[in-house]
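Got a predicted model here, sequence first, then my questions.
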Amino acid sequence: MSVFEYLGVLDRAANLRSARKLAALNPETICFGHGAPLTDATEFKRFVDGLPRP
């Protein structure tokens, strides 16, 4: 099961574009609505760079 199937993402391509747009903003803090805020932009960028291309 992929992360997209697990999360119930209906539009995978839109989800990938959104993640890349967010990473390009170089945010200092990212709040996802669940879990602790992510305060390491490098970690998020590395995660997004590892996502498949749409």
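Structure received. Numbers count the residues shown, from 1 in each chain.

All the strands of this protein, residue numbers only.
Taking DSSP state E to define them, one finds no strands in the chain.

Tell me, please, where in it the pLDDT is lower than the cut-off.
Along the chain, the model assigns pLDDT under 70 to residues 1-9, 54.

mind listing the helices for it?
Using DSSP state H, the helices of the chain run over 3-7, 12-24, 41-49.

between the ones you listed, which gets nearest to residue 30?
helix 41-49 (5.9 Å; C-beta to C-beta). (C-beta placed from N, C-alpha, C; glycine too.)

Now that closest one - C-alpha only, CSV.
The C-alpha trace of helix 41-49 is given here as CSV (Å, rounded to 0.1, in the frame of the first residue of the first chain):
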residue,chain,number,x,y,z
ALA,A,41,12.6,22.5,6.3
THR,A,42,15.5,20.4,5.1
GLU,A,43,13.8,17.2,6.3
PHE,A,44,10.6,18.2,4.5
LYS,A,45,12.5,19.1,1.3
ARG,A,46,14.3,15.8,1.4
PHE,A,47,10.9,14.0,1.8
VAL,A,48,9.3,15.9,-1.1
ASP,A,49,12.4,15.3,-3.3
